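Participant: Using only what follows, build the 3D model:
(4 chains)
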Protein chains: 4
Amino acid sequence: MAFSLPAFRPPDFSRAELMAAPLAPFAAAPADGVLPEGFHATSNHPEYVKLEQGWQLLRESRMDAVVVRRQAGELDVVEARRVRSGDAVALGRSEGGEEGILVHVGGFDPPEASGEKFAFRTRGTRETPFSRSYDDLYELLRHEREHGYIVWVAGPAVAFDKDSRDSFRDLIDAGYCHALLAGNAVATHDLEAAVFGTGLGQDVYSQKLVPGGHYHHLDVINRARRAGSLERAVSAMDAAELGGNEGIVHALLRRGVPYVLAGSIRDDGPLPGVFGDVYQAQDAMREHARRATTVITLATQLHSIAFGNMVPSYHVTSAGVVRPVYLTIVDITEFSADKLANRGSAQAMPIVTNVQDFMINLRANLVGRRSS
Amino acid sequence: MAFSLPAFRPPDFSRAELMAAPLAPFAAAPADGVLPEGFHATSNHPEYVKLEQGWQLLRESRMDAVVVRRQAGELDVVEARRVRSGDAVALGRSEGGEEGILVHVGGFDPPEASGEKFAFRTRGTRETPFSRSYDDLYELLRHEREHGYIVWVAGPAVAFDKDSRDSFRDLIDAGYCHALLAGNAVATHDLEAAVFGTGLGQDVYSQKLVPGGHYHHLDVINRARRAGSLERAVSAMDAAELGGNEGIVHALLRRGVPYVLAGSIRDDGPLPGVFGDVYQAQDAMREHARRATTVITLATQLHSIAFGNMVPSYHVTSAGVVRPVYLTIVDITEFSADKLANRGSAQAMPIVTNVQDFMINLRANLVGRRSS
Amino acid sequence: MAFSLPAFRPPDFSRAELMAAPLAPFAAAPADGVLPEGFHATSNHPEYVKLEQGWQLLRESRMDAVVVRRQAGELDVVEARRVRSGDAVALGRSEGGEEGILVHVGGFDPPEASGEKFAFRTRGTRETPFSRSYDDLYELLRHEREHGYIVWVAGPAVAFDKDSRDSFRDLIDAGYCHALLAGNAVATHDLEAAVFGTGLGQDVYSQKLVPGGHYHHLDVINRARRAGSLERAVSAMDAAELGGNEGIVHALLRRGVPYVLAGSIRDDGPLPGVFGDVYQAQDAMREHARRATTVITLATQLHSIAFGNMVPSYHVTSAGVVRPVYLTIVDITEFSADKLANRGSAQAMPIVTNVQDFMINLRANLVGRRSS
Amino acid sequence: MAFSLPAFRPPDFSRAELMAAPLAPFAAAPADGVLPEGFHATSNHPEYVKLEQGWQLLRESRMDAVVVRRQAGELDVVEARRVRSGDAVALGRSEGGEEGILVHVGGFDPPEASGEKFAFRTRGTRETPFSRSYDDLYELLRHEREHGYIVWVAGPAVAFDKDSRDSFRDLIDAGYCHALLAGNAVATHDLEAAVFGTGLGQDVYSQKLVPGGHYHHLDVINRARRAGSLERAVSAMDAAELGGNEGIVHALLRRGVPYVLAGSIRDDGPLPGVFGDVYQAQDAMREHARRATTVITLATQLHSIAFGNMVPSYHVTSAGVVRPVYLTIVDITEFSADKLANRGSAQAMPIVTNVQDFMINLRANLVGRRSS
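Facilitator: Coordinates of the predicted model:
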């Protein structure tokens, strides 16, 4: 069955209490990066602010940011650290319209939906049946490949196993990845596998620990730093040398898929192109959050929560259509999966498993299994 | 590449210290189920006992049992509770032959193997690459279907998901299961899914909680108890009623695959045929341990450790060939997977993942995916 | 602040729909251990059945059992397998009184309570603050030592560590344990520690693996089997031999605290006194469930779920007072803690931690720390 | 029993193969942040480099860095990104002296030690007995308070619970913390608890979710940003307002304990003083790694692995004494605890538990429990 987007039902603004609601108040930021008292913090849900011209739906929203009114009257959702002195920041801490701000939850629910009915989708344990979660995801991704913007958020585990890494490569090649957000480690492990066939010195297929293998990732990083950029490092790699082991990074570059590599204090290196400043990394990630329609996070608590905070549960298309943003969280522990899934969004779906198998399932169903 | 059994290299009994080793001493059990002081406890490794006629390899051994010499001189490996007063029980607590008992580890290692080299196979984390573990297992199972005895040890999670349960059914139908060891819950959940499409009231496909669904497992159990046996309960189920939802139990019965359902204090019911006495259940499981050549355990700590204790790391075929017993432990936590895998056997292989995906992988590679 | 029991507010039976409710129907069980169609299954909540003489509160209820009306008109809550042919079993699958059965949730909630307010107590993660959970538990246990019936349900981990095991001993000696439910392993590990200072061969204090230590538990079991009972085995142990290492079992016997050791298929031995038949073990555990007012489960999924199913959320004292049964679940994983805590009872409290620290905390706050 | 430092046994440099060993070769770095081919990467063990003047022990070493020879002949251990063009970098990939570099493992082992004997200390599961780990740690910390440099590496969970947070405060006040390494979240949660009594809106004692509590951390951050520094923010807080809830940050500032707050992409804010550039944060953390003699990591994989990579297993005191650096890793999962503990250092000790209980244990045994 083909996927179809659920219709969005906006609030009924003709309701008396919304008709009577005041305009949202604004106050000037007292300094760069400092908010006025009583600032309103955004949620990840569709949210409306009442101005003279009426209720305005926020676009490209996110959690825990503020609403700034620009000169021309348009509303921007801005992180506190990016607010400039004098910016007009919306005030108000209620969400029902009584202060001119309305958070609208459930706009994508089917008409017959009850709270209980949807509760079952936002939690998962190792014993939750995931057959339909997979099937729904396959349909969704086939749709989004053409009509959406699929963002992957990956932890290093995805690159440690041959079939998992090959699957990711094939999914990128097949057009199922519009952006990759990750850290220094994912790219490093992937390039180590390309050159040496190992991940931190362990063969990605046979599990054998290669003698001297602990030098592999340091050598790969050094090679890339000498080249000066990932692009130059990759193009300097000889196809014969690689022996067909090109993986995630090669596929991204070959397909021109944008990526953000955010630095962390765990990094060796880093590779060239990694953001050393985490707030610049946030800004770069946020550009993809503005466009994202489907997000898949793979075995990373750090990156998935970071991105989960900056991606709203809805997206307004260029044609003005309000549609859900789908979020699949893949993690082997309930604790990590729940951390992100428990956000009150009907579109968040945890899958509790090893990412290796998840990637293999996706390739088998979306691309067809290649011979390994 | 087709699977081939590794050759077994027996100990070199011509070594001076083994030539000089004394005969193993025996003493009479002082009472039923009571051992003489200084009894020897068996390991899961190939183990030789020196008698007048020379070093005898134990057959159908297991961990933590004792060696009883029968009248005709043959040696039996017997659980302490099954020893009878007067039985001749081998004594000795050393394993190097100095007391007439020799534990022989590493007999299946390739000639070039070192301890370190094989250490890498007996542990696994969520970040271990499992591509080859799967590939090796596929080859193994294709071989064992014809030439071995494949025992599955299953926890309830395998029956909660549609695709996982269907996969198990298809693997049984394709001949990949020679015995199933489980508890009351696996059979109950499977029959609930057959009749109601749910597991403990949750739809095995859609994840929806069905109103009144908490009665489903009680109703299924009651129905089976009224029928008096699983076989009669299953044959009384109308194919039209089931609507094609036959699963694990139906496949076992259809194929005549033996099974042991061991009771536990968690049980509702129980279903007819479940062993209420756990030591009788052990005896029934042990019959399959004597024959097992490959064991797969699925998300159960209770049953997998129980069976892991009673299955040796080697099997002597009817033709007298000594071959390994392969053991794959599938669990989503390192703690549970390690508990069983850390037994010093090169043939124990953990796979850290959700059993649902494991089952789906096996079906896809061994049977080919059926349309669901 | 001293602990006080919350008042119980019974249903308002003068409500029109309850006044108009029919009498609960009953039907005869068609055979031993077989229920009539449409049987009513009990919950763990206070539950009322309408008879000619009015609404009767079930006593000593439990989950997933049935209601049998005896000749004299009294109502028993009985497991299906204990129903006898011809027993009058209550029918009905609604819980609001419309079929003469009323499940009464929230009777212990404070008047101002809302559903949301109490939701926070029934889940817990590693990041939940547990300071108050501990403090509440200390107050509760001080009260229950004198006025309640405290049942401990223990997994083997509690006996592997010196301070944890000593703490349990001291809590028993101080009167904080009215019954212990466990398996063969807890008693075996405890006696191994008494005699050898080890648990499965590892020193319970220094962590050192003792050479030959894998024989310890087998020797302890054999010794007990030779003695014929735990009591005789323990009294045959020489105080000098033990060197002050007496632990849990010694304290139970010294204090005359009843215990149930339920067998499982993982057992070595078993020790004398262990129930081989799990359904007999259930019956023995159920006797303590009938009396329990506070339950603490320690790192055991098998035993805690088993007992959790058979203990109601309320207890009717001999004086006719309806009071809560408090349930504390201690486990290091959210998955296990949630399994039992998620039962809709405001009195279920998970603590996600290592049981060793839990035991040490309890001793320090209830008994005062002894010098070790 | 009082703690005493183990003696260090240096290598026997009079061994023939070490006498015959060549001088270590060096090569110039080809560019800033780029290493010469064949560079030698350091371990966390004592490591000697052969120069004209003889074997030189590296000081302030770390894992995965390189050795740079300065003009005056002294050797620095430097991260690759901090190498400057032309720096003389040691070459060589063997560790036995054959290329002039000798890695010396086991220098702190007692003379009688065998590999097996110490293996038991470097792994731990939830079932490992931790009584002695705690007792050893108490003795160690009492010694180190006076004679060492204790570095804490903390994840946010330590600040979510009242008793845990109070315990940390008391340990700092009692002199048991010489430096704290953490992220933006720890300080934010701690200040939220000081001002509001909550952590992310949940009461740190009662577990209650406070209405509007999701604004608390944003308000605390905004307040600190307005103040311009943590110090000014804290001194602007009114003691009356706080009501005695001062915690970790207050104690650090009151005692003048240095701290490093490293930024991450998950951050809200950040607080003033947080390092936005993770490599600058690494440099700041490394200053404490150079001085550390004991390290305790609390429920953080990111920070503990980051710091674990930069702290060596030994420290050379100003008096020239070579002593161990002790490392205790506290985490509730085996996976995280093992990640850091499995480094071949006899001084690494995992404790698998909830950090809340760990902190409470430390306070009770080192400070004595305050009334809460």
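
Participant: On the pLDDT front, check residue A:155 for me.
Facilitator: With respect to pLDDT, residue A:155 has a value of 97.

Participant: how much space between it and residue A:180?
Facilitator: Distance, residue A:155 to residue A:180, by C-beta to C-beta, to the nearest Å: 12 Å. C-beta: built from backbone N, CA, C; applies to glycine.

Participant: Could you do residue A:295 as well?
Facilitator: 11 Å.

Participant: How many residues are close by whatever residue of the stretch 1-150 of chain A ends up closest to chain C?
Facilitator: Chain C sits closest to residue A:125 of the stretch 1-150 of chain A, with a gap of 6.1 Å, by C-beta to the nearest C-beta. Residue crowding around residue A:125 was assessed by other C-beta atoms under 10 Å in any protein chain shown; the count is 17.

Participant: give the contact list for it.
Facilitator: A:334, A:352, C:335, C:338 (C-beta atoms under 8 Å, 6 or more residues apart in numbering or on different chains).

Participant: so it, which of the three states?
Facilitator: coil (DSSP: H, G, I helix; E, B strand; the rest coil).

Participant: Okay, helices next: where are they in chain A?
Facilitator: A:16-19, A:115-119, A:131-147, A:162-173, A:184-196, A:216-227, A:230-235, A:239-242, A:248-255, A:278-291, A:301-310, A:334-341, A:355-362 (DSSP state H).

Participant: Relative to residue B:190, which of the ones you listed is closest?
Facilitator: With C-beta to C-beta as the criterion, residue B:190 lies closest to helix A:131-147 of those, at 15.2 Å.

Participant: what does the stretch 51-200 of chain A put close to chain C?
Facilitator: Residues of the stretch 51-200 of chain A found near chain C (C-beta under 8 Å from any C-beta of the partner chain) are A:125, A:126.

Participant: for the stretch 51-200 of chain A, what are the low-confidence residue spans?
Facilitator: A:112-122 (pLDDT under 70).

Participant: near chain B, which residues of it?
Facilitator: Near chain B, when you scan the stretch 51-200 of chain A using C-beta under 8 Å from any C-beta, you find A:116-117, A:120-121, A:126-134, A:156-157, A:160-164, A:199.

Participant: one more time with 7 Å, if that's ok
Facilitator: A:120-121, A:126-132, A:157, A:160-163 (C-beta under 7 Å from any C-beta of the partner chain).

Participant: Taking the residues you listed together, which two end up most distant?
Facilitator: A:120 and A:162 (35.5 Å).

Participant: of the two, who's got more company?
Facilitator: residue A:162 (24 against 15).

Participant: ok, now which ones touch the more buried one?
Facilitator: Counting by C-beta atoms under 7 Å, 6 or more residues apart in numbering or on different chains, residue A:162 makes contact with A:204, A:205, A:372, B:129, B:131.

Participant: again, only this time at 10 Å
Facilitator: A:193, A:197, A:199, A:203-206, A:245, A:247, A:356, A:372, B:129-132, B:135 (C-beta atoms under 10 Å, 6 or more residues apart in numbering or on different chains).

Participant: returning to that earlier point: okay, and the common contacts of residue A:155 and residue A:180?
Facilitator: Contacts common to residue A:155 and residue A:180, judged by C-beta under 10 Å, 6+ apart, are residue A:186.

Participant: Tell me how far residue A:314 lies from residue A:18.
Facilitator: To residue A:18, residue A:314 is 19 Å away according to C-beta to C-beta.

Participant: Between those two, which has more neighbouring residues?
Facilitator: Taking neighbours as other C-beta under 10 Å, residue A:314 and residue A:18 compare with residue A:314 leading, 24 against 18.

Participant: tell me the contacts of the more buried one?
Facilitator: A:8, A:44-47, A:57-59, A:61, A:104, A:107-108, A:293, A:322-325, A:345, A:347.

Participant: Mind checking which of those land in strands?
Facilitator: Per DSSP state E, strands hold the following members of these: A:47, A:57, A:322, A:323, A:324.

Participant: Tell me how far the last one lies from residue A:44.
Facilitator: For residue A:324, the distance to residue A:44 (C-beta to C-beta) stands at 11 Å.

Participant: the more surrounded of these two?
Facilitator: Neighbour comparison, residue A:324 and residue A:44: the larger count goes to residue A:44, with 24 against 21 (by other C-beta under 10 Å).

Participant: what's the more buried one sitting at in phi/psi?
Facilitator: The phi/psi pair for residue A:44 (degrees, to the nearest 10) reads phi -100, psi 10.

Participant: thought it was touching residue A:325?
Facilitator: Yes: counting by C-beta atoms under 10 Å, residue A:44 does reach residue A:325; the two are 8.6 Å apart.

Participant: Now the common contact residues for those two.
Facilitator: Joint contacts of residue A:44 and residue A:325 (C-beta under 10 Å, 6+ apart) are A:311, A:312, A:313, A:314, A:345, A:348.

Participant: Nearest to chain D, out of the residues you listed: which one, please.
Facilitator: residue A:311 (13.0 Å).
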